[in-house]
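K.L.:
Next come a sequence and a model predicted from it.
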Amino acid sequence: MKNEVQAYDDFVDSSPQGSLFHKSWWLDAVAPDNYTILSIKENEKILAAWPLTFKKLAGLDLIMLPQLTPKLGMLFTSPRKMKYADQLSEEVELMAKLLNLLPEHHLFYQRFAIEFTNWLPLYWADFKQTTRYTYVIEDLSDLDRVWENVRYSTKRKIKRALKHGIKVVTHLGLEKLLDLNELTYKRQKLTVPYSREYVHRIDEACEKNNARNFFFAIDEAGQIHAAVYIVYDQKAAYYLIGGGDPALNNYGAHFLALWEAIKFASQVAQSFDFEGSMHSNIEPVFRGFGGAQKPYMEITRGNCLIESAFSVFRNAWNKGGIPSVICGKLLR
């Protein structure tokens, strides 16, 4: 008989909402000893699951996404052959059972998979929902067709990089990527919200599971212009970390690195998810690669200040602190 961890990981692979971010090895890397997986079973078969990661700050119990984990959320088994109304009723029942298992907390924050579409039981339990967007190239099997869907302005930037002798290599390693990532944050006068040690832990887990690759855009003089880091499984590749040298920002190198990442992803995954930022300066870059715009849900629940101060909570989480002005009532 399979052990529970393997049974759960197999369930993630089969679930329409499942991703590598739900896998036990990813959770071990991003939240060691600080996560649990709620599950509903029938005859030892998992019907639904919900991984949760925890943080305690200023005496408060938080259930939140770890850094560099774009999504978690509820997972369900593949739909059985039954009437749509019956499928929906079964899903609602499973969600209610998962909610009954939810630990007490002061604040909840997760982003759910694109394939998660019914949040009614969460609404009934006083959760809030914000619609966010990413871009997904849904079918990587025909790269010619993928290229046809790329915007002309994006193609022009890729060709500009090639014209300037820029090429993409994969062997320069994590530290070089993190150097560029840090430069990107510094350019915006921001502090990198995660430590290098934390990223190394993720990278070690990804390397062990054959689930990542680097793409560095360099010129003929050996200068590194930009870098892209993707993680992947058979379902999808995800653009997780990137960076660039602000002094070398006019050659289209980042676009070339992303295109090479997409070409590589076509060999290992079915789709490419930009896990897109909704920042007005970043979103057009991802849109330019021709992916389909996909809505997904950001689900939150908190105390009296959550609606007006959620952005403060999120920023505090990123920096490792939390505001002291907060109601202390536990939620279930």
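P.N.:
Arrived safely.
K.L.:
where in the chain is pLDDT low?
P.N.:
Where the chain drops to pLDDT under 70, the residues are 1-2, 276-277, 303-332.
K.L.:
Give me the domain ranges for it.
P.N.:
4-126+302-319, 135-294 (automatic domain parsing).
K.L.:
As CSV, these with mean neighbour count would be great.
P.N.:
C-beta: built from backbone N, CA, C; applies to glycine. Shown next, in CSV, are the domains of the chain (neighbours: other Cβ atoms under 10 Å):
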stretch, mean neighbour count
domain 4-126+302-319, 17
domain 135-294, 18
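K.L.:
Need the three-state assignment for the spatially closest residue to Lys71 that is not a sequence neighbour.
P.N.:
Counting by Cβ to Cβ, 6 or more residues apart in numbering, Lys71 lies nearest to Arg111, which is 4.5 Å off, once chain neighbours are set aside. With DSSP: H, G, I helix; E, B strand; the rest coil as the basis, Arg111 sits in strand.
K.L.:
what sits opposite Arg111 in the beta ladder?
P.N.:
Glu298 (DSSP bridges).
K.L.:
List the contacts of Val192.
P.N.:
Asn181, Glu182, Tyr185 (Cβ atoms under 8 Å, 6 or more residues apart in numbering).
K.L.:
which residues in the chain form strands?
P.N.:
35-42, 45-57, 60-64, 75-76, 107-111, 128-137, 167-169, 212-218, 224-232, 236-244, 271-273, 292-301 (DSSP state E).
K.L.:
For Ser19, which of those is the nearest?
P.N.:
strand 236-244 (6.8 Å; Cβ to Cβ).
K.L.:
how far is that closest one from where the chain is centred?
P.N.:
Offset of strand 236-244 from its chain centre (Cα atoms, centre = their mean, to the nearest Å): 10 Å.
K.L.:
for that strand, packing partners?
P.N.:
Judged by 3 or more Cβ pairs under 8 Å, 6 or more residues apart in numbering; DSSP states H and E, strand 236-244 is in contact with helix 174-187, strand 224-232, helix 253-268, strand 271-273.
K.L.:
looking at these, which is closest to Pro246?
P.N.:
helix 174-187 (4.7 Å).
K.L.:
Convert the closest one to PDB, retaining C-alpha atoms only.
P.N.:
C-alpha atoms of helix 174-187 as PDB (Å, rounded to 0.1, in the frame of the first residue of the first chain):
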ATOM      1  CA  LEU A 174      21.400  30.400  -8.800                       C
ATOM      2  CA  GLU A 175      23.700  33.000  -7.200                       C
ATOM      3  CA  LYS A 176      24.000  34.900 -10.500                       C
ATOM      4  CA  LEU A 177      20.200  34.900 -10.900                       C
ATOM      5  CA  LEU A 178      19.700  36.100  -7.400                       C
ATOM      6  CA  ASP A 179      22.200  39.000  -8.000                       C
ATOM      7  CA  LEU A 180      20.000  40.100 -10.900                       C
ATOM      8  CA  ASN A 181      16.800  39.600  -8.900                       C
ATOM      9  CA  GLU A 182      18.300  41.800  -6.200                       C
ATOM     10  CA  LEU A 183      19.200  44.500  -8.800                       C
ATOM     11  CA  THR A 184      15.600  44.500 -10.000                       C
ATOM     12  CA  TYR A 185      14.300  45.200  -6.500                       C
ATOM     13  CA  LYS A 186      16.900  47.800  -5.800                       C
ATOM     14  CA  ARG A 187      15.900  49.600  -9.000                       C
END
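K.L.:
who's in contact with that helix?
P.N.:
With contact meaning Cβ under 8 Å, 6+ apart, helix 174-187 is reached by 191-192, 196, 199-200, 203, 214, 216, 224, 226-227, 229, 241-246.
K.L.:
same thing but 7 Å
P.N.:
For helix 174-187, the surrounding residues in contact (Cβ atoms under 7 Å, 6 or more residues apart in numbering) are 191-192, 196, 199-200, 203, 214, 216, 224, 226-227, 229, 241, 243-246.
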